[in-house]
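Q: kindly return the folded structure for what I paste below:
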Amino acid sequence: MNTSSPDPAPAPPHRLDPAGGCPHAANARLLAQGAVAPVVLPGGVQGMAVLGHDALKEFLAHPDVAKNARHFAALQAGEIADGWPLRTFATVQGMTTADGADHRRLRALMSKAFTARRVEELRPRIVELTGRLLDGLEAAATEDGVVDLRTHFALPLPMGVICELLGVDEAHHDRLHDLSSRIVATNIGPAEVMAANREMVEILGAVVAARTAGPGDDLTSAMIAAREQDGDRFSPHELIGTLMLTVIAGHETTLNLITNAVRALCTHRDQLGLVLSGGASWADVVEETLRWDSPVSYFPFRYPTRDLTLGGTVIPRGTPVLAGYSAAGRDTRAHGPDAARFDITRTGASRHLSLGHGAHYCMGAPLARLESTTALEQLFTRFPALDLAVPESELPRHASFVGNSVRRLPVRLTG
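A: Below is the predicted model of the structure:
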């Protein structure tokens, strides 16, 4: 007679909250169970998330993992509605949904216009725009010196820079941010999802038409020119898709990075004092923020092209998989038992994966780093006593499990 106890039932899949919220407590629970976790996406769609640092690094560069949605089994079976809130991440045409030769072609075309030299040429403009926004902070503050730093500083800096790089008129900036926020949200309905995508395509189509009629020294004009040359080119859909992805990724992530870094420094005054005294650099702050509080929590999607065993867990072929950047950044197996501690002197902080890994490593990483270090240095040099105006626990979180930040950041400029 067998008296041994039966194996415990596996934990039910983690149901991702479409309303977002702080991911770190849930990440810690999931990581305690393993590096890969089954998840339930909005609409009851079954997926997986890769959470452990080492597993994620392997997954992001794995030869049997694809980005093209033709490998998304449920989508190809007609089980994903047109208004599914994450559908754009799967179906938009551009570098983030291309594989192999297509991805290399699109990335090569983009890199011709988005070079390290062009980013460095933006430095004086970024410094100037940062200073102008800081001047405006004091004017926007209430009588007791409180201002929403996210709205008046962390947002307009990267939005202004990426739109200037693309040749997008300032009149479109606010609307494009609003539409971007809706597209990356995970808690909105089908009609709103489709309307946001449709309007963004219309605005970017108008930008392409304007730059076609009157080319300038901007990235959109360069992409149009590349498309019109013999040989490799952007298709019309790829051009619009690439612009959409560049606008969204080019400001949403840096907006979150700056916001999260300011929150971290305000709640870790010893770390702020260290960098202000020269004991650490603003680049150290940026890298530790990327690790400790990644601007992106769960990024959609990749799909195994065969059943794939990762971290001891089988991910079935065609499963939509999320890259768990915020979880990987606090994985104690990679970053030590104090991984949940914000420490800008931490060695190996640059080992984070928050800007990706492998063929799809973020092309905008140098620009994000330049914008963030410039913003933080000028902000805290001008306002060294700047602090949160409300307890951090009261800050409203992103309505998305894709982006990881807060929606507002009220600060008191003079402490």
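Q: all helices of the stretch 151-300 of the chain, in order?
A: 156-166, 173-184, 190-213, 219-228, 236-266, 269-276, 282-292 (DSSP state H, counting those that start in this stretch).
Q: how about those in TSV, adding distance to Q46, mean neighbour count and mean pLDDT?
A: The way it works is simple: take the backbone N, C-alpha and C, and place the C-beta from them, glycine included. TSV is the format used below for the helices of the stretch 151-300 of the chain (distance: least, C-beta to C-beta, whole Å; neighbours: other C-beta atoms under 10 Å; pLDDT from 0 to 100):
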stretch	distance to Q46	mean neighbour count	mean pLDDT
helix 156-166	35	23	91
helix 173-184	22	19	89
helix 190-213	19	16	91
helix 219-228	37	19	78
helix 236-266	26	24	91
helix 269-276	41	17	97
helix 282-292	30	24	97
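Q: can you redo those as CSV with distance to D338?
A: Formatted as CSV, these follow (distance: least, C-beta to C-beta, whole Å):
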stretch, distance to D338
helix 156-166, 31
helix 173-184, 31
helix 190-213, 40
helix 219-228, 41
helix 236-266, 15
helix 269-276, 14
helix 282-292, 11
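Q: which among those is found nearest to R369?
A: Smallest distance to R369 across the helices of the stretch 151-300 of the chain (C-beta to C-beta): 6.0 Å, for helix 282-292.
Q: elements contacting the closest one?
A: On a contact count with 3 or more C-beta pairs under 8 Å, 6 or more residues apart in numbering; DSSP states H and E, helix 282-292 meets helix 236-266, helix 269-276, helix 365-382.
Q: closest one to A328 among these?
A: helix 236-266 (15.6 Å).
Q: so how far is the lowest-mean-pLDDT helix or strand in the chain from its chain's centroid?
A: One helix or strand of the chain scores below all others by mean pLDDT, DSSP states H and E: helix 219-228, with a mean of 78. Here helix 219-228 is found 25 Å from its chain centre; the criterion is C-alpha atoms, centre = their mean, to the nearest Å.
Q: mind saving the C-alpha coords of it as PDB?
A: Once non-C-alpha atoms are left out, helix 219-228 reads as follows in PDB (Å, rounded to 0.1, in the frame of the first residue of the first chain):
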ATOM      1  CA  LEU A 219      14.700  60.700 -39.500                       C
ATOM      2  CA  THR A 220      11.300  60.400 -41.300                       C
ATOM      3  CA  SER A 221      12.700  62.100 -44.400                       C
ATOM      4  CA  ALA A 222      15.700  59.800 -44.200                       C
ATOM      5  CA  MET A 223      13.500  56.700 -44.000                       C
ATOM      6  CA  ILE A 224      11.400  57.900 -46.900                       C
ATOM      7  CA  ALA A 225      14.600  58.500 -48.900                       C
ATOM      8  CA  ALA A 226      15.800  55.000 -48.000                       C
ATOM      9  CA  ARG A 227      12.500  53.600 -49.100                       C
ATOM     10  CA  GLU A 228      12.700  55.300 -52.500                       C
END
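Q: one step back: and of the helices of the stretch 151-300 of the chain, who's closest to R341?
A: helix 282-292 (8.0 Å).
Q: so L265 makes contact with L274?
A: No: the pair L265 / L274 is not scored as a contact, 9.9 Å apart, by C-beta atoms under 8 Å.
Q: overlap in contacts of those two?
A: Counting by C-beta atoms under 8 Å, 6 or more residues apart in numbering, L265 and L274 have no contacts in common.
Q: number of nearby residues for the closest residue to R330 other than its chain neighbours?
A: Ranked by C-beta to C-beta, 6 or more residues apart in numbering and with sequence neighbours excluded, the top spatial neighbour of R330 is A339, at 4.6 Å. Neighbour count for A339, taken as other C-beta atoms under 10 Å: 20.
Q: list the contacts of A339.
A: Contacts for A339 (C-beta under 8 Å, 6+ apart) come out as 329-332.
Q: hmm, 10 Å instead?
A: 28, 31, 53, 291-292, 328-333, 346 (C-beta atoms under 10 Å, 6 or more residues apart in numbering).
Q: just the buried ones from the residues you listed?
A: 28, 31, 53, 291-292, 328-331, 346 (16 or more other C-beta atoms under 10 Å).
Q: now those in CSV, with secondary structure and distance to I188?
A: As requested, the buried ones among the contacts of A339 are exported to CSV (DSSP: H, G, I helix; E, B strand; the rest coil; distance: C-beta to C-beta, whole Å):
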residue, secondary structure, distance to I188
A28, helix, 28
L31, helix, 29
H53, helix, 31
R291, helix, 30
W292, helix, 29
A328, helix, 27
G329, coil, 27
R330, coil, 28
D331, coil, 31
R346, coil, 37
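Q: out of those residues, who's nearest T115?
A: R291 (27.0 Å).
Q: show me what contacts the closest one?
A: Neighbour list for R291: 53, 325-326, 328-331, 334-335, 339, 342-343, 346, 348-354 [criterion: C-beta under 10 Å, 6+ apart].
Q: tell me how far it lies from A261.
A: 12 Å (C-beta to C-beta, to the nearest Å).
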